[in-house]
Structures are given as C-alpha cells and as structure tokens.
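Asks: need coordinates for the following:
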Amino acid sequence: MKQAVIAVVGGKKSGKTTAIELLTKELTERGYKIAAVKHIPEPNFTIDREGKDTWRYAQAGATTVVGVSADEIATIEKTRQNDLTLKSIMQTCGGSDLVFLEGFRKLVAKDEKIHKILVVNSLEEAMRDLKTFRPIIALTGPTRPKIDDLHIPYVDVCKNAGQLADLVEKTVFKKTAT
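Replies: This next block holds a predicted model:
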C-alpha cells in the first residue's frame, strides 16, 4: 500500500489536534499505521532542552541528534524552516500507511496530491478555506457551517469519527464501505 497523506487545516483552536487524535484512534483500530506531523510556528521552539546531552550535541554542531530510551526513539533534525519541503518531512514517516499533517497551510494549500480536511469554527472560516484548499475530503469542527449547495460532506468528528474515517478510507485508500 502506498503511503497516503492528509492535511488537517484550520484556524487556531479550531480542533485540528482533536480531529487528528480521533481519526488516528479510529484508523489505528482498523489496522493502519499512522504518523502525525505537527507544524509548530512559534519561533525558537525546540523539543530539546538546554543543558541536556542531546542539546549539547546540537550545540557542538550535530545536525541530527537521536535520543533512545526504553520506549521511544526521538530524532531531532536541525534545519531551517525555509529549507523544509513536504518530501523531506515525509521521509521521516517511513513505514506509515497514512500521514496526517497538522497545519502547514502554505506548503499544502494548492497541492492537489494532498487531500485536506478543513476544521472550521465559523461560516467565515469555511468560506475562506474553501477558496484556499483543494482537494477537500470533508469539513469538521464544532459547528456545521450553513452553506447552500456544498458538495463537500460535513462530519462532526467528535460525534462520529468512524464516519470521517470511512471518508478517509474511501478517498485515499479507494476502499468501499462495508
């Protein structure tokens, strides 16, 4: 099975993380291997902490630092955000059937190869994002936007993650409903 990618996009505090969390739970239970990639736009954000050995390695010039514990492996790649491409991000997700991208608005906006789920809080957000993103699998969010003649399904992921997971399977894995 070829690795699929879905971008989950929306405004701040719209519910993107919740949507990915619920879809990941549902699709994992269906047997898929899921990777989730979060765009963190805060300048100078780091997972590493000053003074830790991994931080010291990076300060010394290492561009890749790997921390290994009993239950996980963390890889820290030192790079500039301007140098990032979707291809380089996807290379870190090998072995996954599906990769959820949270955010990355500019990188995914018009990329027709990447399906999107829009998480919206208002009609205004929905109208803006419907003009910006293509192709769109579905809309979700706390309130269903009242849009006439919308040919894109709305699914409340908090109430029916299974229905949204069905749409994901149908769209990216070409699976028919059972």
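Asks: do a quick rundown of the strands in this structure.
Replies: Counting by DSSP state E, the chain has these strands, from start to end: 4-10, 34-38, 64-68, 73-77, 98-102, 115-119, 136-140.
Asks: which stretches in this protein count as helices?
Replies: With DSSP state H as the criterion, the chain has helices at 16-29, 53-59, 86-90, 105-108, 123-132, 161-172.
Asks: adding mean pLDDT and distance to Ile40, write those out as a markdown table.
Replies: Placement of C-beta: from N, CA and C, glycine included. Shown next, in a markdown table, are these (pLDDT from 0 to 100; distance: least, C-beta to C-beta, whole Å):
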| stretch | mean pLDDT | distance to Ile40 |
| --- | --- | --- |
| helix 16-29 | 97 | 12 |
| helix 53-59 | 92 | 17 |
| helix 86-90 | 83 | 13 |
| helix 105-108 | 88 | 13 |
| helix 123-132 | 87 | 20 |
| helix 161-172 | 96 | 24 |
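Asks: quick one: closest of those to Val99.
Replies: helix 86-90 (6.4 Å; C-beta to C-beta).
Asks: just want the most central residue of this protein.
Replies: Nearest to the geometric centre of the chain sits Leu101, at 2.1 Å (C-alpha atoms, centre = their mean).
Asks: measure it to Gly67 for me?
Replies: 24 Å (C-beta to C-beta, to the nearest Å).
Asks: out of the strands of the chain, which is the most enclosed?
Replies: With neighbours defined as mean count of other C-beta atoms under 10 Å, those peak in mean count at strand 115-119, which reaches a mean of 25.
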